[in-house]
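Peer 1: A structural model of the following input is requested.
(2 chains)
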2 protein chains.
Amino acid sequence: MFEAQDGRRELEKKIEKYFERKQYPHLQDLLLPLEAADIASLFNELNEERLPLIFRLLPKELAAEVFVELDSGQQELLIRRFSNAELKEVLDELYLDDTVDIVEEMPANVVKRILMHSAPEIRKNINEILKYPEDSTGSIMTTEFVDLNAAMTVEAALKRIRRTGPDKETINICYVIDGGRHLIGLLSIRTLLLAEENDVIDDIMERNFISVQTLDDRESTAQTLSKYDFLALPVVDTENRLVGIVTVDDAMDVIEEETTEDIELMAAMLPSDKPYLKTGVFETWKARAPWLMILMLSATFTSIILTHFENSLAACAILTSFIPMLSGTGGNSGTQASTAVIRALSLGEIRFPDLPRALWKESRVAVCCGLCLAAVNFVKMMIFDRWLMHNPAVTPLVAMVVCCTLVGTVLCAKLAGCALPLLAKKLGLDPAVMASPFISTIVDSISLLIYFQLASMLLGI
Amino acid sequence: MFEAQDGRRELEKKIEKYFERKQYPHLQDLLLPLEAADIASLFNELNEERLPLIFRLLPKELAAEVFVELDSGQQELLIRRFSNAELKEVLDELYLDDTVDIVEEMPANVVKRILMHSAPEIRKNINEILKYPEDSTGSIMTTEFVDLNAAMTVEAALKRIRRTGPDKETINICYVIDGGRHLIGLLSIRTLLLAEENDVIDDIMERNFISVQTLDDRESTAQTLSKYDFLALPVVDTENRLVGIVTVDDAMDVIEEETTEDIELMAAMLPSDKPYLKTGVFETWKARAPWLMILMLSATFTSIILTHFENSLAACAILTSFIPMLSGTGGNSGTQASTAVIRALSLGEIRFPDLPRALWKESRVAVCCGLCLAAVNFVKMMIFDRWLMHNPAVTPLVAMVVCCTLVGTVLCAKLAGCALPLLAKKLGLDPAVMASPFISTIVDSISLLIYFQLASMLLGI
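Peer 2: Here you go, the predicted structure:
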């Protein structure tokens, strides 16, 4: 980790200097002590010509680790520049799930070259994993795990781990299977180490374990792993045969991606999977314009309502000046409720049958919030608008209309904000769509209708 | 994991039945095969009288695991009901960091009882960790790790792990320290297992490692761990002495909490650390009302602007009906930009020096989005409002005013949405505060000023 930005900038300058002077051994000394993720982030700033050169300075294990961390544009560039021998060397060092991630991002001709230079066994496994749908657990699993036999002794198991371990993604948890490759138990390396050499696996393995299926949603698998604090989860097929494992680092990446997707949806953007500064203007536009367009057109309702009540507004012009405050407060109240419910849904804290409880809670919160806001607003309108700004149009009756509308708006907003995400979930939609912008648009119209209804009742316009 | 909601409800019914018939052994058989987190979630629904009874049915290791997963109200209840011997038994089974988490939530008299029944060594460590500030790395670390000596052979190291391992939170990574307890290297259990028995630790340990300090922000520590895909991170004091480790499960919890906090702040709520349905009405009100109040009062600016231009609006009443659409679109555009930047900041994808690049990007996106929206809106106003709704007041010139304002509003909104979170970060504030509600309020005023300026220029009012 770069302790400070200064450290990083200094490093970048040194790299520049060594490049210019062609002092490659110095360059190598500079890179070797760094973590792969940091080297990759330095490489991201390099120009295309220098990347293959500097990459070749890395020893092959580190090179593979750095390769995984590069962005897909740079991975493609490197693969195109690699000789066949170099490509094979990098591929041999990669873990299977990383290779699959890379293959998924590459254009067809590069994929072909990758598959051609992978060992036949790996090639078969890559093709296997590529078959799973993008959001499934199968697509994020790796098939490189340690499997043991229930009849083995601890000594034999340790021997097997020593022999096969170097190629496995993790040895921290081992999986016990029967003759038909059905998963029958788990064993942590800790249990194994703390057991006696002559103990039999069958006696010490954990038989109560949780497994997921290849077609389960990858987000729910990641949440399961996080909920139970596991380091890995076994993945089985429909016949309970062990086909792979999902490790905690991949689960963390999935949770991060899915959270970003939720947050983007909640802010009315189509999800993008690239970092902010790496997304082009056109791509960003494509992700943002559609929702803006839909929401803009849906504001037609409010404009119809306002045109309809044009005469009331003409009769009491001061009413206009409180419309933005009302719609803003409605939007904010709705956003608070919908955000709380959407987050609770994605953390599994709330389910559809909880709807009545949630509505009851929100309505009480809404009344409390609404009454507070109304009271403060009444005082503010009397003191600030009427007295300090000398606006005689702001009568106590007008203030009453505004304040009563405020309470009604907050109530509707909170109820809509609470109910819509739960309904969306029930209907199989992504609840995050029912967030702030969508709810504001609905609440705007309701709030205006209440406003004009009250105005015609209380002010007689 | 409960495969389906049905499974859970059936389980709840069975528990109810066994309780009524006092068939406790059946109850035990039902619970034993479940994961601790699932048992805790079942216990959350039980009434106060039954909880201590059913808890005593669990064997002590599982009991401790379940205890950690209960919510703090139930933990308190149990501690109050435990005999001294029972309390000691549970405390002995807990990992240190879990004990600290529990102690932090309990009232003073319960804390005193916990400390009284902990072993002296544990008591010292609890007090040590409690000293660290709430958001620091020290507060989430555990002091139960495996430390090795560089001069040891692999055989000796494995012997030490077998001896001390049962009490450690993880043995997957071991830490090599010198005589002064300074951290000099790391060793994964994998390297250790794959090495020869006579190898010396000094020769096989990893010397290039990343460590964090006790006072580092806990979120940045969790992000570091996630970025490098580590299972644990060593925590050192200011003199580089190893004092603890942070494990991946705790890091995942921190990231989840901090993300929830970010999302809540972005929706103008004060963060709460309880699940949605467990938070009381008063607490929820306290978290939501202050921001609603501030935002409501800040809408005074828009109301002043509208009052100021009252005569222009009277001269051209149709202008009023497009105000909600303009302010809505402004708010949504700003939200998109600010959300993207806030998320990029919390994932470390963007830094303050990137501000000019980000502004340049956002301004191009804004122009593209603004022009598209303006074009669609112009056509919509001509066809729908003027032609279909027979509203002669919607002249092409009025449409021009609305559409030009739209472009200006989107531009201002995107620039403010991009710049404000970065500026907040630079000033040491939480960027998430500069999200949708805050930006909408600013953009509303700017948008109205542009609107009336253009109206007076183009329509001569």
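Peer 1: Could you look up the SS state of the spatially closest residue to residue A:258 that is not a sequence neighbour?
Peer 2: Leaving aside its sequence neighbours, residue A:258 sits nearest to residue A:219 (Cβ to Cβ, 6 or more residues apart in numbering or on different chains; 4.7 Å). Where you see a C-beta, it was placed from the backbone N, CA and C, and this is true even at glycine. Look at residue A:219: counting by DSSP: H, G, I helix; E, B strand; the rest coil, its state is helix.
Peer 1: likewise the one 10 residues further on?
Peer 2: Secondary structure state of residue A:229, per three-state DSSP, is coil.
Peer 1: Leaving out chain neighbours, which residue sits closest to it?
Peer 2: residue B:249 (3.8 Å).
Peer 1: distance of residue A:365 from chain B?
Peer 2: Note on residue A:365: its distance to chain B, by Cβ to the nearest Cβ, to the nearest Å, is 5 Å.
Peer 1: so which strand or helix has that residue?
Peer 2: According to DSSP states H and E, residue A:365 maps onto helix A:355-380.
Peer 1: tell me what the following helix or strand past that helix is packed against?
Peer 2: Sequence-wise, the next helix or strand downstream of helix A:355-380 (DSSP H and E) is helix A:396-426. Helices and strands touching helix A:396-426, by 3 or more Cβ pairs under 8 Å, 6 or more residues apart in numbering or on different chains; DSSP states H and E, are helix A:323-346, helix A:355-380, helix A:436-458.
Peer 1: Alpha carbons of the shortest one, as PDB, please.
Peer 2: Meaning helix A:436-458. C-alpha atoms of helix A:436-458 as PDB (Å, rounded to 0.1, in the frame of the first residue of the first chain):
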ATOM      1  CA  SER A 436     -35.500   8.300  -4.700                       C
ATOM      2  CA  PRO A 437     -36.100   9.600  -8.300                       C
ATOM      3  CA  PHE A 438     -39.000   7.200  -9.000                       C
ATOM      4  CA  ILE A 439     -40.700   7.900  -5.700                       C
ATOM      5  CA  SER A 440     -40.100  11.700  -5.900                       C
ATOM      6  CA  THR A 441     -42.000  11.700  -9.200                       C
ATOM      7  CA  ILE A 442     -45.000   9.900  -7.800                       C
ATOM      8  CA  VAL A 443     -45.000  11.900  -4.500                       C
ATOM      9  CA  ASP A 444     -44.800  15.200  -6.500                       C
ATOM     10  CA  SER A 445     -48.100  14.600  -8.100                       C
ATOM     11  CA  ILE A 446     -49.800  13.400  -4.900                       C
ATOM     12  CA  SER A 447     -48.500  16.400  -3.000                       C
ATOM     13  CA  LEU A 448     -49.800  18.900  -5.500                       C
ATOM     14  CA  LEU A 449     -53.200  17.300  -5.500                       C
ATOM     15  CA  ILE A 450     -53.400  17.600  -1.700                       C
ATOM     16  CA  TYR A 451     -52.100  21.200  -1.900                       C
ATOM     17  CA  PHE A 452     -54.800  22.400  -4.200                       C
ATOM     18  CA  GLN A 453     -57.500  20.400  -2.500                       C
ATOM     19  CA  LEU A 454     -56.700  22.000   0.800                       C
ATOM     20  CA  ALA A 455     -56.300  25.400  -0.800                       C
ATOM     21  CA  SER A 456     -59.800  25.300  -2.300                       C
ATOM     22  CA  MET A 457     -61.200  24.100   1.000                       C
ATOM     23  CA  LEU A 458     -59.500  26.500   3.300                       C
END
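Peer 1: residues of stretch A:9-26 that come out buried?
Peer 2: By 16 or more other Cβ atoms under 10 Å in any protein chain shown, the buried positions in stretch A:9-26 come out as A:11, A:15, A:18, A:19.
Peer 1: list the contacts for the residue of chain A positioned farthest from its centre?
Peer 2: The C-alpha centroid of chain A is most remote from residue A:392, which lies 52.6 Å away (Cα atoms, centre = their mean). Neighbour list for residue A:392: residue A:386 [criterion: Cβ atoms under 8 Å, 6 or more residues apart in numbering or on different chains].
Peer 1: quick one: residue A:233 from chain B, how far?
Peer 2: 10 Å.
Peer 1: hey, what's that residue bridged with?
Peer 2: For residue A:233, the beta-bridge partners under DSSP bridges are residue A:246.
Peer 1: Surely residue A:60 is in contact with residue A:89?
Peer 2: Yes. At 5.6 Å, residue A:60 and residue A:89 qualify as touching, with contact defined as Cβ atoms under 8 Å.
Peer 1: Might you name the residue of the stretch 1-150 of chain A sitting closest to chain B?
Peer 2: residue A:33 (4.7 Å; Cβ to the nearest Cβ).
Peer 1: Torsion angles phi and psi at that residue?
Peer 2: Backbone dihedrals for residue A:33, given as degrees, to the nearest 10, come out at phi -70, psi -10.
Peer 1: Please name the nearest non-neighbouring residue to it.
Peer 2: residue B:208 (4.7 Å).
Peer 1: same check, this time on residue A:175
Peer 2: Per Cβ to Cβ, 6+ apart, closest to residue A:175 is residue A:147, 5.1 Å.
Peer 1: Tell me which residues touch that neighbour, please.
Peer 2: A:174, A:175, A:176, A:177, A:242 are the contacts of residue A:147 under Cβ under 8 Å, 6+ apart.
Peer 1: ditto for residue A:178
Peer 2: Contacts of residue A:178 (Cβ under 8 Å, 6+ apart): A:150, A:184.
Peer 1: repeat for residue A:416
Peer 2: Contacts of residue A:416 (Cβ under 8 Å, 6+ apart): A:334, A:337, A:338, A:439, A:442, A:443, A:446.
Peer 1: Residue A:459 now?
Peer 2: Contacts of residue A:459 (Cβ under 8 Å, 6+ apart): A:316, A:397, A:398, A:401.
Peer 1: Distance of residue A:195 relative to chain B?
Peer 2: 9 Å.
Peer 1: Surely that residue touches residue A:154?
Peer 2: Yes. Contact criterion Cβ under 8 Å: residue A:195 and residue A:154 qualify, at 4.8 Å.
Peer 1: neighbours of the spatially closest residue to residue A:152 that is not a sequence neighbour, just the number please.
Peer 2: Leaving aside its chain neighbours, residue A:152 sits nearest to residue A:201 (4.9 Å; criterion: Cβ to Cβ, 6+ apart). A count of nearby residues for residue A:201, using other Cβ atoms under 10 Å in any protein chain shown, gives 23.
Peer 1: Quick check: the two most widely separated of the contacts of residue A:147?
Peer 2: Greatest spatial distance in the contacts of residue A:147: A:174 and A:242, 11.2 Å, computed using Cβ to Cβ.
Peer 1: Comparing these two, which residue is more hemmed in?
Peer 2: Neighbours were counted for residue A:174 and for residue A:242 using other Cβ under 10 Å; residue A:174 has more, 25 against 21.
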